[in-house]
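Q: Can you look at this prediction? I've put the sequence above it.
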Amino acid sequence: MDGLDLLVLLLFAATAWLWFDSLKVRETAVAAARAACDSENLLLLDDTVAIARIGLRRGGDGVLRLTRVYAFEYSDTGNDRSAGRITMHGHRVRMIELKRRIADAPPMLH
């Protein structure tokens, strides 16, 4: 096995690790979003979260970890939609935001 083969194998392994790790973190994010909505008597729409951003950040312990921001939508009546965000630092929930109404968001430019 030459150096290029080893590099390709390592790249494949890193991609597979990121994929499976992201699935576990996403499950945690969905559960946290559902719990936050339940505690505020809100409906978690579509029962899912979507990745909005991913990056590296140091925690309070100085360790560099992946930070993922997930977006989700919720409703108080079922007739409207509001946008929420959940920030995951590693496998831990760092922050949940539930205050952004989609109707109040500026229009998207085409």
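A: Great, that's in hand.
Q: low-scoring stretches of this structure, by residue?
A: Scanning the chain with the threshold set as pLDDT under 70 gives 100-110.
Q: most centrally placed residue in it?
A: Residue closest to the mean C-alpha point of the chain, counted by CA atoms, centre = their mean, is Tyr70 at 2.6 Å.
Q: Which elements pack onto the longest strand along the chain?
A: For the chain, the strand that runs over the most residues, judged by DSSP state E, is strand 43-58. Here strand 43-58 touches helix 3-39, strand 64-75, strand 82-89, going by 3 or more CB pairs under 8 Å, 6 or more residues apart in numbering; DSSP states H and E. Every residue, glycine included, has its C-beta placed from N, CA and C.
Q: for those, which one sits closest to Gly55?
A: Closest to Gly55 of these is strand 64-75 (CB to CB; 5.4 Å).
Q: Please identify the buried residues of that closest one?
A: For strand 64-75, the neighbour count (16 or more other CB atoms under 10 Å) marks Leu66, Thr67, Arg68, Val69, Tyr70, Ala71, Phe72, Glu73, Tyr74 as buried.
Q: that older thread, wait, the residue nearest to the centre of the chain sits on Val93?
A: No: using CB atoms under 8 Å as the test, Tyr70 is too far from Val93 to be in contact (10.2 Å).
Q: No further queries at this time; thank you.
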